[in-house]
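Enquirer: sharing a model that was predicted from the sequence below.
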Amino acid sequence: MFTLTQWVVSMARLAREFTAFVQREPHTALRHSEALLLDDQHYSQIFSSRHNLDIYRLCLDVHTRLRSFLTQYAEDRPLLGETLENWLYPLSAMSAYALTRLRQPTTRDLLNIDLDHLSDDLMSRMAGTLEQNFKSALRHNKAGGVDRIARTPDFTNRLRQAIVSQSRYHIER
């Protein structure tokens, strides 16, 4: 267990949230849970002594805000796939691009974001973009379903392209 101020967080949760936000691989975070910890390569990438400890706190803070937002968002409209995680991890990756306004943010770039910019308005716009991409993917992949679609690298790439190409997110070229 990893303890931060008032939280006790499992290593598996931290690994998944780090993978989705810092590595921007929500598909990997969704496909693997305990497996991320068992694979030496992933473990050493996530829990490297080279990482500033603040990045772990940032991951948790981003996910806490997103989870709270999604819980309220789902009260007004059902989430496609009805699973919060299928929305949480992609939104986490999307927020890394939107908050840094960079196509390939580094850990240092992420540590320089102002978390106050992760506003309800920004989260709502990202959720709308995510929903549009889910609907588009579902139209093209009837056998899929939100669970399967969210777990593919292709869908992650589509979300990245959607975020960096939309002028409302103001991503630097």
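Expert: Arrived safely, thanks for sending.
Enquirer: report the contact partners of Glu131.
Expert: Shown in contact with Glu131 (C-beta atoms under 8 Å, 6 or more residues apart in numbering): Leu80. Any C-beta I mention is one placed from the backbone N, CA and C, and that applies to glycine too.
Enquirer: distance check, it against Asn157.
Expert: Per C-beta to C-beta, to the nearest Å, Glu131 is found 18 Å from Asn157.
Enquirer: now swap in Tyr43 and tell me
Expert: To Asn157, Tyr43 is 25 Å away according to C-beta to C-beta.
Enquirer: tell me which of those two has more neighbours.
Expert: Taking other C-beta atoms under 10 Å, Tyr43 and Asn157 do not tie; Tyr43 has more neighbours (14 against 11).
Enquirer: and that one, helix, strand or coil?
Expert: Secondary structure state of Tyr43, per DSSP: H, G, I helix; E, B strand; the rest coil, is helix.
Enquirer: next one: the one 5 residues further on
Expert: Following three-state DSSP, the label given to Ser48 is coil.
Enquirer: burial measure for it, as a count.
Expert: Neighbours of Ser48 (other C-beta under 10 Å): 9.
Enquirer: ok, now the one 10 residues further on?
Expert: Residues contacting Leu58 under the criterion other C-beta under 10 Å number 22.
Enquirer: surely it is in contact with Leu115?
Expert: Yes. Contact criterion C-beta atoms under 8 Å: Leu58 and Leu115 qualify, at 7.3 Å.
Enquirer: give me the buried stretch members for stretch 67-83, please.
Expert: Neighbour-count burial for stretch 67-83 flags Phe69, Leu70, Tyr73, Leu79, Leu80, Gly81 (criterion: 16 or more other C-beta atoms under 10 Å).
Enquirer: actually stretch 117-137, not the one I wrote
Expert: Buried, per 16+ other C-beta under 10 Å, within stretch 117-137: Leu118, Leu122, Met123, Arg125, Met126, Ala127, Thr129, Leu130, Asn133, Phe134, Ala137.
Enquirer: contacting residues for the first one?
Expert: For Leu118, the residues meeting the contact criterion (C-beta under 8 Å, 6+ apart) are Val62, Arg65, Leu66, Ser95, Leu99.
Enquirer: tell me which of those fall in helices.
Expert: In helices, defined here by DSSP state H, the members of the contacts of Leu118 are Val62, Arg65, Leu66, Ser95, Leu99.
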